[in-house]
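> Turn this into a model:
(2 chains)
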Amino acid sequence: MSTSIYSLGKSNVQIETDILSPMERFPGKLWWFTFTIMLSLALMMITLVGWTFVEGLGLLGLNNPVNWGLYIVNFVFWVGIGHAGTLISAILYLFRQRWRTTINRAAEAMTIFAVMTAGLFPLIHVGRPWMVFFIFPYPNERGPLWVNFKSPLLWDVFAISTYFSVSLIFWYMGLVPDLANMRDRMKFEHVPGKISSWGRKLKYGFVRILAIGWVGSGKTWIHYEKMVMVLASLATPLVLSVHTVVSFDFATSVIPGWHATIFPPYFVAGAIYSGFAMVLTIMIITRKAFKLQEYISMKHLENMGIIILVTGMMVSFAYTTEFIVAAYSANKVEQYVFMNRLQGPYAWAFWTMFAANVVSPHFMWSKKLRTNVVVLFLISIVVNIGMWFERFVIVITSLHRDYMPSSWDMFIPTWVDWGVFVGSFGFFFTWYLLFVRTLPSIAIAEVKMDEANDLVAKELGHH
Amino acid sequence: MVSFKEIKEGLFTFDEPDKGWVVEVKTAVDMLKAVEKVRKAGVKRFDTFSPFPVHGLEKAMGIKRSWLTLITMIAAFTGTTFALSAMSYIDLVDYPLNIGGKPSFAWPAYIPIMFELTILFASFATVIAVWKMGKLGIRYNHRRPVSPTVTCDMCSVWIGDDMTKEEVKKIVGDLAKEIHKVDATPTDNSLD
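Prediction:
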């Protein structure tokens, strides 16, 4: 591999100082400001959810045909967001996409926080979260009473919990060499940051425990490299399976508008699309706030813009297919559901989705636009809005008018619905803000490796 | 066909640098050259220390490959088998339940859970194996690198055999920037 455009030409000390220095200063005003807002939103969500536990789900806009409301919309939305992190850490790793190195860590952290946020929604959607342990199959004294292994809802429990735990260990193992770096940096002060006050001692203690005695042994590195390859190969089918299983929740039912074989690939493409939009949103803010423009360069943002273009077109293709299949199906109910999306009472949601998801990615064809940070930021927000509406359209418009016109009804979200939705952003960003202040948001060892191995390749002729 | 011996060699473990000499070198390239010399000189216990994995390290250290993948594979099959047998037992013997007239043993419906448990078992076994073979874990949190800046930018080679400094110098030649002695694995007990 020759020296690529992603090489920085920086010394190792310089690299780690650039990445770790935000963690060694007291957070600035901007961070505290954002953190306060996000934490308040998260607390608002917790309060509202607590209220629904006491009062019941009647506080939400749910009614008889629309039994799945905004909670399920939010669940699918947040799980989808998580997919981009695994795509970057696993799939782009297997494809030897070197540009992924610097965005890998933060994107994976985003995956974990997004899945955590997503996981909340089924729990609070059941209305009686203290009964949730019923979904876990374990030998029990209630019978024997086992769960239904033939139900997609149970597959989802397995898919999401496996996805969360595998992403977590993958992310943590990636952090270990960097934690060791932080530990030694604090201890030996080849840079400022002497261990003196109890706060620093506490931090050092935590970092030392989390670094699990990593000392950079060559033998361990060889196993470690193999492990990264293995975990990436395992995470690749896993991430594809997760949104596939989420789509089964819908596709295996008989509700017109849900009962479609295209759902698994359609959901996966949509997940990657929305996930990359969120990565872009977060990266643009992070690189600006922590002055990491050299690491997360314009080229990285441009690449993400191209992925948004590609996955956006895949999603558009899926929309078209759905309509053509409905038109061709000769099934009146199916045809009605899709006409209802175009013209019915929720047409505004459909056309918002259409404008945001089908039209907006095409701005990325222009090199000028996809290398403009402001444009990229706006597009990423628009795509996120569009993808949220996509889930709204799928869940709500399919349910509110089903087979029996006498039972048709409208779903009007209450302010509790909206409050929990807005609060989920607070929950997600609270975690993310804590992460960028406490752990290196760029994989230091990997950046150093890319720098050094360019030299190794040059001198020894390895490939 | 791979021999049992080869697999056993491929599951090599981390050797605590509890005595011997640490040769600090300037660059990763020098480290590769130095460790190759050390290996060719017939040194039994040696290792390298670097802040990042270096391409070509396996070749330089004379390690054929890591057989970590075997552990992954065994765990993966265990996961699949466990999921299939547990679900079959529950649905056929312990709690047969008629759901929509579907057969009790509805193996196609088991595939998603079998898949998820395969991945779960394989991933955790792989990580646990790396912890075991690399001697990592919370109980090792006192361990320190052989040179203070190993996790920052220092590449070094450790020689664990009984040798004098002159012998070490003879092996590595002018690749060495500095040579220092270790008597025990460096630890840090400052917080205890």
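> Look up how far residue B:82 lies from the closest residue to residue A:137 other than its chain neighbours.
Residue nearest to residue A:137 in three dimensions, not counting chain neighbours: residue A:147, with 4.8 Å by C-beta to C-beta, 6 or more residues apart in numbering or on different chains. All C-beta atoms are positioned from the backbone trio N, CA, C, and that covers glycine. Going from residue A:147 to residue B:82 by C-beta to C-beta, to the nearest Å gives 16 Å.
> Looking at these two, which one has more neighbours?
Legend: neighbour count by other C-beta atoms under 10 Å in any protein chain shown for residue A:147 and residue B:82, higher for residue A:147 (17 against 14).
> In contact with the more buried one: list those residues for me.
By C-beta atoms under 8 Å, 6 or more residues apart in numbering or on different chains, residue A:147 lies in contact with A:134-137, A:154.
> That one and residue B:113, how far apart?
Distance from residue A:147 to residue B:113, counting by C-beta to C-beta: 10 Å.
> intersection of neighbour lists for those two?
What both residue A:147 and residue B:113 touch, as defined by C-beta under 8 Å, 6+ apart, is the set residue A:154.
> What segments of chain B are helices?
B:4-10, B:28-40, B:57-61, B:68-89, B:107-133, B:165-172 (DSSP state H).
> out of the ones you listed, nearest to residue A:257?
With distances scored as C-beta to C-beta, the stretch of the helices of chain B nearest to residue A:257 is helix B:107-133 (22.7 Å).
> Now do the same contact list for the residue nearest in space to the middle of chain A.
By C-alpha atoms, centre = their mean, the mean C-alpha position of chain A lies nearest to residue A:82, the distance being 2.0 Å. Residues near residue A:82 by C-beta under 8 Å, 6+ apart: A:110-112, A:114-115, A:118, A:163, A:167, A:271, A:275.
> Buried only: go through the residues you listed for me.
A:110-112, A:114-115, A:118, A:163, A:167, A:271, A:275 (16 or more other C-beta atoms under 10 Å in any protein chain shown).
> Please tabulate those residues in JSON lines, including the columns pLDDT and distance to chain B.
Conversion of these to JSON lines gives the following (pLDDT from 0 to 100; distance: C-beta to the nearest C-beta, whole Å):
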{"residue": "A:110", "pLDDT": "95", "distance to chain B": "20"}
{"residue": "A:111", "pLDDT": "95", "distance to chain B": "15"}
{"residue": "A:112", "pLDDT": "96", "distance to chain B": "14"}
{"residue": "A:114", "pLDDT": "96", "distance to chain B": "19"}
{"residue": "A:115", "pLDDT": "96", "distance to chain B": "14"}
{"residue": "A:118", "pLDDT": "95", "distance to chain B": "16"}
{"residue": "A:163", "pLDDT": "95", "distance to chain B": "8"}
{"residue": "A:167", "pLDDT": "95", "distance to chain B": "10"}
{"residue": "A:271", "pLDDT": "94", "distance to chain B": "17"}
{"residue": "A:275", "pLDDT": "93", "distance to chain B": "19"}
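> Show me what stretch A:262-269 is in contact with.
Contacts of stretch A:262-269 (C-beta under 8 Å, 6+ apart): A:76, A:80, A:83, A:240, A:243-244, A:246-248, A:250-251, A:260, A:311, A:314-315, A:318, A:321-322, A:325.
> now with 10 Å?
For stretch A:262-269, the external contacting residues (C-beta atoms under 10 Å, 6 or more residues apart in numbering or on different chains) are A:76, A:79-80, A:83, A:87, A:239-252, A:260, A:310-319, A:321-322, A:325, A:390-391, A:394.
> Kindly provide the whole-number mean pLDDT of it.
Averaged across stretch A:262-269, pLDDT comes to 94.
> Show me the domain layout of chain B.
B:15-63+B:143-182, B:68-133 (automatic domain parsing).
> Run the chain-centre distance for the first one.
It stands for domain B:15-63+B:143-182. Taking C-alpha atoms, centre = their mean, to the nearest Å, the mean C-alpha location of domain B:15-63+B:143-182 is offset from the chain mean by 18 Å.
> Then stretch A:42-53?
The chain centroid and the centroid of stretch A:42-53 are separated by 23 Å under C-alpha atoms, centre = their mean.
> With stretch A:285-300 instead?
Chain-centre distance of stretch A:285-300: 19 Å, with C-alpha atoms, centre = their mean.
> now the end-to-end length of that stretch.
Using C-alpha to C-alpha, to the nearest Å, one end of stretch A:285-300 lies 14 Å from the other.
> and what of stretch B:45-59?
End-to-end distance of stretch B:45-59 (C-alpha to C-alpha): 16 Å.
> Report whether it contacts chain A.
Yes - using C-beta under 10 Å from any C-beta of the partner chain, stretch B:45-59 reaches chain A at B:46-59.
> which ones among the contacts of stretch A:262-269 are found in helices?
Secondary structure defined by DSSP H assigns A:76, A:79-80, A:83, A:239-251, A:310-319, A:321-322, A:325, A:390-391 of the contacts of stretch A:262-269 to helices.
> buried ones in the longest helix along chain A?
If you go by DSSP H, chain A has its longest helix at helix A:152-188. Neighbour counts over helix A:152-188 (16+ other C-beta under 10 Å) mark A:152, A:154-164, A:166-167, A:169-188 as buried.
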